[in-house]
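Participant: Mind looking at a prediction? Sequence and model below.
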Amino acid sequence: EKNNKAIEDLSRVIEIDSSLSEAYFLRGASHRETGNEEQAVTDYSKALELGMENQDIYEQRGEALSNLKNYRKAIEDYGKLIELTGGSKELYYQRGYLRFLLEDYKEAIPDFTECLSYDEQNRDALYYRAHCYSETGDYEKAVADFSRVTKLDPETPKVWLNMGLAQMHLGKFKAAKSTLEEAINLDENYAKAYFLMGLVHSKTKNTTEALENYSIAIENNSEYARAYNYRGLAKGEQGRHQEAIEDYSKALSIDSTYAMAYYNRGISKVSRNNFANGCQDFYKALDYGFDKAEKMIETYCGNHPRKE
């Protein structure tokens, strides 16, 4: 109520003199207090247009833009703030985090690094920089950062899981297994950790252990399409193609665009001499972007055209 009154009063002031940048700034602040971020951004922008340029206005508009998920514009305001103030731990972290949300991982890394130059024990900056390293393929640095995070925050399963995933990308399966065990010890119902443990066992040719972990992942998340797909692959390796087909079909009932599951189901069908239906799966896999299906189509589907 107090803020609504302030908005009314400031609106009257602006009607009398629309060149008062301070009035727009104050009205923008009142709009923020009432949750009207869009109108706040409009008022802050008008104040800037009228020549009001200081730390507060960029900070307030940057926060409002962030709340509106207009991250690129918010990044511009945080950049201006850094120019005006010389930067700070908080500003570099916030700009880095917004770049992370936009998947501008290469741009986010220097911001998190600057943040860490102020505070080398900043858990969140290390965690998100590690993610950025993973997303840009620099898995050694990702593992190093995740490892530092586990020392600061040893009780969060997701940190261990992400470090294990980076170790898997490096082919360090023994280390990944140990790391994923830490995640599971912290959360015995962590479906994704069991799934990744299954992948580790698949990569190291321990099919029985892989199957066990995929099944536990499914027990903890019955809609885990990837777990059904990879359990199907493991069953297929054991020659259990009908059971594999059932798992692929379950994966596809969860995600009807899952190209790899169509491809794998096609292979199991062909392995059971069901070429006609297997080929339809290869066509579907190709439709959804799984290019390896093209070779299977050339090999097996000359007499089995696509059904409309």
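Facilitator: Arrived safely. Residues are numbered from 1 along each chain as shown.
Participant: quick one: least confident helix or strand in this structure?
Facilitator: When the helices and strands of the chain are scored by mean pLDDT, DSSP states H and E, helix 2-16 comes last with a mean of 94.
Participant: For it, could you pull out the residues that count as buried?
Facilitator: Buried residues in helix 2-16, counted by 16 or more other CB atoms under 10 Å: 3, 6-7, 10, 14. Bear in mind the C-beta positions are built from the backbone N, C-alpha and C, glycine included.
Participant: Out of those, flag the one nearest to Asn189.
Facilitator: When the buried residues of helix 2-16 are ranked by distance to Asn189 (CB to CB), Asn3 comes first, at 44.8 Å.
Participant: Kindly provide the distance from that closest one to Glu33.
Facilitator: For Asn3, the distance to Glu33 (CB to CB, to the nearest Å) stands at 4 Å.
Participant: cool, Ser202 as well?
Facilitator: Taking CB to CB, one finds Ser202 at 55 Å from Glu33.
Participant: more neighbours, these two?
Facilitator: Ser202 (21 against 14; other CB atoms under 10 Å).
Participant: My guess is the more buried one contacts Lys235. True?
Facilitator: No. Judged on CB atoms under 8 Å, Ser202 makes no contact with Lys235 at a distance of 11.6 Å.
Participant: Tell me the one among the buried residues of helix 2-16 nearest to Ala193.
Facilitator: Distance to Ala193 across these (CB to CB) is lowest for Asn3, with 46.7 Å.
Participant: list the contacts for Leu116?
Facilitator: 122, 125-126, 129 (CB atoms under 8 Å, 6 or more residues apart in numbering).
Participant: With pLDDT added, can I get those in a markdown table?
Facilitator: Converted to a markdown table, these look like this (pLDDT from 0 to 100):
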| residue | pLDDT |
| --- | --- |
| Asn122 | 98 |
| Ala125 | 98 |
| Leu126 | 98 |
| Arg129 | 98 |
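Participant: ok, and the most crowded of those?
Facilitator: That'd be Arg129 among the contacts of Leu116, by other CB under 10 Å, with 29 neighbours.
Participant: where's the closest residue to that residue other than its chain neighbours, which helix or strand?
Facilitator: Of all residues not flanking Arg129 in the chain, Phe112 sits nearest, at 3.9 Å (CB to CB, 6 or more residues apart in numbering). Using DSSP states H and E, the element containing Phe112 is helix 105-118.
Participant: try Lys80
Facilitator: Per DSSP H and E, Lys80 falls inside helix 71-85.
Participant: I'd like the distance between Ala40 and Ser253.
Facilitator: From Ala40 over to Ser253 (counting by CB to CB), the distance is 46 Å.
Participant: Of the two, which one has the most company?
Facilitator: Ala40 (26 against 13).
Participant: which residues touch the more buried one?
Facilitator: By CB under 8 Å, 6+ apart, the residues touching Ala40 are 28-29, 31-32, 60-61, 64.
Participant: Spatially, which two of the residues you listed are the most separated?
Facilitator: Farthest apart among the contacts of Ala40 - using CB to CB - are His31 and Arg61, which lie 11.4 Å from each other.
Participant: my read: Asn229 touches Ala259, true?
Facilitator: No. Taking contacts as CB under 8 Å, Asn229 lies outside contact range of Ala259: 10.4 Å.
Participant: okay, the two: which has more neighbours?
Facilitator: Taking neighbours as other CB under 10 Å, Asn229 and Ala259 compare with Asn229 leading, 25 against 18.
Participant: Check Glu1 and give its pLDDT.
Facilitator: pLDDT recorded at Glu1 is 77.
Participant: ok, it to Thr34 distance?
Facilitator: Going from Glu1 to Thr34 by CB to CB gives 10 Å.
Participant: So between the two, which is more surrounded?
Facilitator: Set Glu1 next to Thr34 and count neighbours by other CB under 10 Å: Thr34 wins out with 15 against 6.
Participant: Contacts only, for that one.
Facilitator: Per CB under 8 Å, 6+ apart, neighbours of Thr34: 3-4, 7.
Participant: ok, of those residues, which one's closest to Phe195?
Facilitator: Distance to Phe195, by CB to CB, is smallest for Asn3 among the contacts of Thr34, at 48.8 Å.
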